[in-house]
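Participant: Sharing a model prediction with you, sequence too.
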Amino acid sequence: MAIDRLSIAGFLLGFGGILFGQFLEGGSLTSLINFPAAFIVIGGTAGAVMVQSPLSVFVRAIDILPWVLRGPPGPQRGLVEMLIKWSTVARKEGLLGLESIAESEQDSFLKKGLRLLVDGAEAAVVRSILEIELDTREERDLRAAKVFESMAGYSPTIGIIGAVMGLIHVMSNLADPSSLGSGIATSFVATIYGVGFANLILLPIANKIKAVVYEQSAVRQMVVEGLIGIAEGSNPRIIETKLAGYLE
């Protein structure tokens, strides 16, 4: 899968705009660097969401994180042509002619559908089984996307906690007034990290993954309709016309 250039451009523009604005205002870019604040925000946010999430959901969230920059693996292009080819084979050789294709297919969803056809399952049974898997996959991946959505909810609050901790440290050093200004400024960096982490990274990641999940569900639904057409012995041209609606 090709890298999603729009996502990369979005991340660069988001962070670049903030940093460039800081520069135009005459502020120092190094003033935005604070490792203790980063540890508080990242560690606190990650810890909170780990407590909230079941292990399987959290692991799935990590697995699908690359979808933000690269789509999920599996056939994306040429699916309609592939389904039409399969329907032609089935019309000429019968459904058993798809057995060798089913054995060599790598995608688990397509492989299951082909195996059902080869085994002679009724069209209604094929639809029921595949749609159950489709719904299960979609629900699993949407739950994983919500992990990042939850992190976006915790992050600003953890940032405020970091700011308050910084202020406590400042207040404990009131005997040195010369350091109060810089100390207070530094303490609020945690708030910037919390809000920025949520709105520039976590929420965009969650919404991008959701968009990919919905797109994948549409692709799988198209596959289901194609396989049903094959099971019913429909003319390949009729199947092609039906599937063309998904490409619109």
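Facilitator: Structure received.
Participant: what mean pLDDT would you report for the strand or helix carrying Arg143?
Facilitator: Arg143 is part of helix 123-171, with elements assigned from DSSP states H and E. What helix 123-171 shows for mean pLDDT is 92.
Participant: Now do it: distance to the chain's middle.
Facilitator: Counting by Cα atoms, centre = their mean, to the nearest Å, helix 123-171 is centred 10 Å from the centre of its parent chain.
Participant: What helices and strands are in contact with it?
Facilitator: When contacts are defined as 3 or more Cβ pairs under 8 Å, 6 or more residues apart in numbering; DSSP states H and E, helix 123-171 packs onto helix 35-52, helix 55-64, helix 108-118, helix 180-187, helix 189-196, helix 203-231. Heads up, the C-betas are built off the backbone N, CA and C, glycines and all.
Participant: ok, 6 Å please
Facilitator: helix 35-52, helix 55-64, helix 180-187, helix 189-196, helix 203-231 (3 or more Cβ pairs under 6 Å, 6 or more residues apart in numbering; DSSP states H and E).
Participant: For Gly27, which of those helices is the nearest?
Facilitator: Closest of the helices and strands packed on helix 123-171 to Gly27 is helix 180-187, at 9.6 Å (criterion: Cβ to Cβ).
Participant: What residues does Gly44 make contact with?
Facilitator: Counting by Cβ atoms under 6 Å, 6 or more residues apart in numbering, Gly44 touches Ile158.
Participant: Report the separation between the closest residue in space to Val164 that isn't next to it in sequence and Asn34.
Facilitator: Excluding the flanking residues, the one nearest Val164 by Cβ to Cβ, 6 or more residues apart in numbering is Ser187, at 7.9 Å. With distances taken as Cβ to Cβ, to the nearest Å, Ser187 is found 9 Å from Asn34.
Participant: lowest confidence element among the helices and strands of this protein?
Facilitator: Lowest mean confidence among the helices and strands of the chain (mean pLDDT, DSSP states H and E): helix 180-187, at a mean of 68.
Participant: Could you point out which residue ranges in the chain have low pLDDT?
Facilitator: Applying pLDDT under 70 to the chain flags the ranges 1-2, 73-77, 176-183, 185-186, 248.
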